[in-house]
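>>> sequence plus the predicted model coming up.
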Amino acid sequence: MDREVRTIMVVDSSTSMLFFLGLLLRRFEYRVVTARSGEEALHRMDESLPSVVLSDVALPTMSGVALLKQIRARPDCGALPVIMHTTEDDPGIKDTCMQLGCAAYLLRPVEPDLLYRTIQAASESAPRASIRLRTSLKVMVGDGSVLGGAARTEYATALSEGGLFITTHYPQPRNAVTPLKITIDDREIIAKALVLYINDQGEEPSMEPGMGMKFVQIADADRALLRRFIREQLTHDIADHGQERSQPTT
């Protein structure tokens, strides 16, 4: 089911890191605003508060720790989640950030699924455990048996390692367990999934018709394939931008 779109403020002095995180977070289905300094971040927060702040420690002029202190001093930001995403592997800095109430302290490079789970935990009362990828994958629903129903080809428009959303005008009943075959890179993943909810386009014309499903039977190797596919789809064209580059010495 659709959720309210959260706004993530990314604070980083690196243009390449802002590009990488901004695009990745949008693919996570967040709204993104960026700032290249602590001062700019505070100015933007005067205009509108984000749902989460994701900040580097090594910022120009005002450090990420100083920014965190400023945020905590504001009466309207006492509960605003702040996540530090940094190369500063210093236990003292980490302890200071945690004492100031930062939601998490993540060292770069961080896996996309860990970043996603951390933001979800900081911003949602019922956080998702897995990244949901917008996609279009062929899925064979049913297996021709009485319980599985007649086999038919449909398309998954959202996918996670925990389940999928299948666009269809002929959904299975809610709570039905249905055999599936998902085609990824010419490989078939065989699974069974439970129907959690049904979208009926007749009730809401703007809603995509279909059914949200949770995997209840899938091989570990196939789940790993799903995880790898999702990560590759999210990062294949931006991965280089997320790598810290050392400055040349003179």
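On my side now, so go ahead. Given the structure is predicted, the values throughout are model-derived calculations rather than measurements.

>>> may I have the strands that pair with whichever strand in the chain runs longest, each with its orientation?
Secondary structure of the chain read by DSSP state E shows that its longest strand is strand 187-199. Strand 187-199 has its sheet partners listed here by DSSP bridges as strand 177-184 (antiparallel), strand 210-218 (antiparallel).

>>> just the helices in the chain please.
Along the chain, the stretches classed as helices by DSSP state H are 15-27, 38-47, 64-73, 91-99, 112-123, 220-235.

>>> what comes up buried for the longest strand of the chain?
Ile189, Ala191, Ala193, Leu194, Val195, Asn199 (16 or more other CB atoms under 10 Å). Every C-beta, even on glycine, is put in place using the N, C-alpha and C of the backbone.

>>> how far away from the center of its chain is it?
Relative to its chain's centre, strand 187-199 lies at 20 Å (CA atoms, centre = their mean, to the nearest Å).

>>> how about the nearest residue to Leu226, chain neighbours excluded?
Spatial nearest neighbour of Leu226, excluding adjacent residues (CB to CB, 6 or more residues apart in numbering): Glu161 at 4.6 Å.

>>> could you check how far that neighbour is from Leu100?
34 Å (CB to CB, to the nearest Å).

>>> between those two, who's got more neighbours?
When Glu161 and Leu100 are compared for neighbours, Glu161 comes out ahead with 23 against 14, by other CB atoms under 10 Å.

>>> circling back: list of residues touching the longest strand of the chain?
1, 163-164, 171-183, 207-219, 222, 225-226 (CB atoms under 8 Å, 6 or more residues apart in numbering).

>>> which of these count as buried?
163-164, 171-172, 178-182, 209-213, 215, 218, 222, 225-226.

>>> model confidence over stretch 211-228, on average?
Mean pLDDT, stretch 211-228: 94.

>>> same thing with stretch 13-26?
For stretch 13-26, mean pLDDT is 94.

>>> got it, and stretch 125-133?
Stretch 125-133 shows a mean pLDDT of 89.

>>> now stretch 56-69
96.

>>> end to end on it, go ahead and measure it.
Using CA to CA, to the nearest Å, one end of stretch 56-69 lies 14 Å from the other.

>>> ok, stretch 139-156 next?
End-to-end span of stretch 139-156 (CA to CA): 6 Å.

>>> relative to Leu225, how far out is the closest residue to Phe229 other than its chain neighbours?
Closest residue to Phe229 apart from its sequence neighbours, by CB to CB, 6+ apart: Ile184 at 5.4 Å. For Ile184, the distance to Leu225 equals 7 Å [CB to CB].

>>> His236 too?
Distance of His236 to Leu225, given as CB to CB: 16 Å.
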